[in-house]
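Enquirer: got a sequence here, can you build the structure:
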Amino acid sequence: MIIYLIIAGSAAVAALVFVIYRSRKVKGQIRKLVDQRFERIRPLYTKLEHAEIISPDDVLPFAKNVMTREATFQLLYDFQKLELFPREYLTIVKSAESNLANWLEFPTELAACPDELEHIKRVSIDFDGQRNFVHYEVFKYKVNAPHWAAKEGWMLGVVGPYFDHSKPYDFPHATFSRTGSTVDKVSADEEATWVHENILNVEG
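Expert: Next up, the predicted model:
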């Protein structure tokens, strides 16, 4: 009995140490990622900070890049320069695309930006049976080898909910992707419904 308790206690301590180590490691990775994201837009930030003259052509590369698009919009908003943001990227689909890519890059998720990312459709759900709809933008994405998820092929990602009055770059509270949800196993409608029922309710 004593040996059993010692073994059980050792296992519990080992588990606790692993959790603490994992938590610290993830926090360190997130801090590093935040720094990397700022570095990506630093050239634009520096120009805005020093009140330099900026044209839409200066902004275009940052808005075009899915990894900097969302941050670029927020940066221009903060500096009251939204008129410089390209209109072709001022849509909910384009903002959702960037939001998903940035979410997937977190170390607790895919830990990488997708190599390919495509919008599939908008899925609308009547959330109260009274024809009051919420909307989810569904994408498919994949990564190339040697990433561990390359073998999965095209996977589904969901961003939302959006409402009829939502504007581009409004924050979506239920961005999510299940690695096992591949296009050959789950439909866009099914995945959006799963996120609505399992993620939105938890987040809310």
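Enquirer: now Val66, what's its secondary structure?
Expert: Following DSSP: H, G, I helix; E, B strand; the rest coil, the label given to Val66 is coil.
Enquirer: what is the neighbour count of the nearest residue to it once chain neighbours are set aside?
Expert: For Val66, ignoring the flanking residues on the chain, the nearest one in space by C-beta to C-beta, 6 or more residues apart in numbering is Ala101 at 4.5 Å. From N, CA and C alone the C-beta is placed, and that goes for glycine too. Residues near Ala101, counting by other C-beta atoms under 10 Å, number 23.
Enquirer: contacting residues for Ala101?
Expert: Ala101 is in contact with Val66, Met67, Cys113, Pro114, Leu117, counting by C-beta atoms under 8 Å, 6 or more residues apart in numbering.
Enquirer: just the element for the residue nearest to Leu44 when sequence neighbours are not counted, please.
Expert: Excluding the flanking residues, the one nearest Leu44 by C-beta to C-beta, 6+ apart is Phe62, at 5.5 Å. When elements are assigned from DSSP states H and E, Phe62 belongs to helix 56-64.
Enquirer: just the C-alphas of that helix, formatted as CSV.
Expert: Extracted in CSV, the C-alpha atoms of helix 56-64 (Å, rounded to 0.1, in the frame of the first residue of the first chain):
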residue,chain,number,x,y,z
PRO,A,56,-2.5,53.2,-50.1
ASP,A,57,0.4,51.6,-52.0
ASP,A,58,2.4,51.6,-48.8
VAL,A,59,-0.5,49.8,-47.0
LEU,A,60,-1.4,47.3,-49.8
PRO,A,61,1.4,44.7,-49.1
PHE,A,62,0.4,44.6,-45.4
ALA,A,63,-3.3,44.3,-46.2
LYS,A,64,-2.7,41.7,-48.9
